[in-house]
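J.: Sequence and predicted model, in that order:
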Amino acid sequence: MFGSIVGLGGGIIIVPTLVLLGPQLTGSPIGHTTAVGTSLCALIVTALASTLSYAKKKRVDFRSGWLLFVTSGPAAMVGSALTGYLKDGSFQLVFGIFMLLMAALLVARDYIRPITRKWPVERLYTDQDGVGHVYGYAVGPALVIGFFVGLISGLFGIGGGSLFVPVMVLLFRFPPHLATATSMFVIFLSSALGSSVHIWLGEVDWRIVLALVPGAWIGGKFGAYVATRMSGRGLMWLLRITLGLLAVELIIEGAAKL
């Protein structure tokens, strides 16, 4: 639900939860590679449910989404292949620092205004109130951003929305709701490719995937429904605080294992 409302995908909550609470959830620790692979498989369901709901309301910019996927998809596969090269302690420490930065970015985006640069490709989006929004991008920067986000997505199993949405809103001036919906579409495609690598490497716990899928589907649909009826400001602060607390716990545990 969180991931669908703000376009994060949900992996940034699923992965640390599996890593930190593995023994309580399954009776044994869950390695970070399995947590990442399992998260990406669950994200496919969340992102698909959200995309279908947003598409019905014509909030998904499929053309921009496919462009971002050109590099984010292959990069997600590369990131997924690199996950196993990080030791558990190093993964928790690096992921914790990354989550802390994401929490800070989610706070900062409320105070940073979108840049006013005129981009070579310009699009017009008319919202449900009939208000027109002009946004745009350049193909080169979009492809570079897609690659970087895809790499991070595959490496940490987070989907990439925590980076996609702020960049789309602040750099390319996407309306927030359009950025969220389009991000979920890209996450669906990238998660499918990234998870295929973890499946090939045997780094997916299918029991956990099956346990996550019903909630992921319902949460993805419900989050998209809620997002159309709220600004999400209060929920965003709850998400920021949650990310901050999880990040601190991961950093402490990761540093202790080094």
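T.: In hand now; what should we look at? Residues are numbered from 1 along each chain as shown.
J.: Please report the distance of Arg59 from Met184.
T.: Separation of Arg59 from Met184 (CB to CB, to the nearest Å): 10 Å. Backbone N, C-alpha and C define where each C-beta goes, glycine included.
J.: Look at the two and report which has more neighbours.
T.: Set Arg59 next to Met184 and count neighbours by other CB atoms under 10 Å: Met184 wins out with 37 against 24.
J.: Name the helix or strand for that one, please.
T.: Here Met184, judged by DSSP states H and E, is contained in helix 176-200.
J.: quick one, helices of the stretch 1-150 of the chain?
T.: Along the stretch 1-150 of the chain, counting by DSSP state H, counting those that start in this stretch, helices occupy 2-6, 11-26, 32-56, 62-82, 88-108, 139-156.
J.: re earlier: give me the distance from the helix holding Met184 to the chain's centre.
T.: 7 Å (CA atoms, centre = their mean, to the nearest Å).
J.: Likewise for stretch 60-74?
T.: 14 Å.
J.: burial of Leu124, as a residue count?
T.: Leu124 has 9 neighbouring residues, counting by other CB under 10 Å.
J.: And Ile252, by the same measure?
T.: For Ile252, using other CB under 10 Å, the count is 12.
J.: now do Ala104
T.: Neighbours of Ala104 (other CB under 10 Å): 14.
J.: Please work out which residues outside stretch 197-211 touch it.
T.: For stretch 197-211, contacts defined as CB atoms under 8 Å, 6 or more residues apart in numbering pick out 18, 25-26, 30, 33-34, 36-38, 40-42, 77, 80-81, 83-84, 154, 195.
J.: how does it look with 6 Å?
T.: Stretch 197-211 is contacted from outside by Thr33, Thr34, Gly37, Thr38, Cys41, Ala42, Met77, Ser80, Ala81, using CB atoms under 6 Å, 6 or more residues apart in numbering.
J.: So the first one sits against Gly84, correct?
T.: Yes: at 5.1 Å, Thr33 counts as touching Gly84 under the criterion of CB atoms under 6 Å.
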